[in-house]
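**Q** predicted model and sequence follow; I will ask about them next.
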Amino acid sequence: MTTIYGIKNCDTVRKARKWLEAHDIDYTFHDVRGDGLNKKDLSAWVKSVGWETLLNRRGTTWRQLPDKDKETINEANAIPLMLAQPTLIKRPVLVHDKNIHVGFKPTEYEALF
């Protein structure tokens, strides 16, 4: 079972989905903005890849956070922040055979599949 988590209008998510389709890989798409995200899944991702890997510090949502939040970010407050604002999560997050991969690069997907 393969699930790709992201946002419909994200270019990187679109590229990842297109790659999966071009390689005839069945997957489920989960829109973290529209469908939500639960703490259990996010905590599993953090445990697997680390909160720093998941946190998108390049996006608009991060830039709009108060400086106080950015300066004091740690695992304990990053998880609730990402749950409240899923666009703070780097995209896409691919869950395949219990492996978690963040981001999209064709060569990395080739190695996974």
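**A** Received, thanks.
**Q** I'd like the next helix or strand past the helix or strand of the chain with the lowest mean pLDDT.
**A** Here the helix or strand of the chain ranked lowest by mean pLDDT, DSSP states H and E is helix 67-71, holding a mean of 92. Next helix or strand after helix 67-71 toward the C-terminus (DSSP states H and E): helix 75-84.
**Q** for that next one, packing partners?
**A** Under the contact definition 3 or more Cβ pairs under 8 Å, 6 or more residues apart in numbering; DSSP states H and E, helix 75-84 sits against helix 39-49, helix 51-54. All C-beta spots, glycine's among them, are computed from the backbone N, C-alpha and C.
**Q** using PDB, list the CA coordinates for the least confident helix or strand of the chain.
**A** Extracted as PDB, the C-alpha positions of helix 67-71 are listed here (Å, rounded to 0.1, in the frame of the first residue of the first chain):
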ATOM      1  CA  ASP A  67       9.300  35.300  15.200                       C
ATOM      2  CA  LYS A  68       8.700  34.000  18.800                       C
ATOM      3  CA  ASP A  69       7.300  30.700  17.400                       C
ATOM      4  CA  LYS A  70      10.200  30.300  14.900                       C
ATOM      5  CA  GLU A  71      12.900  31.000  17.500                       C
END
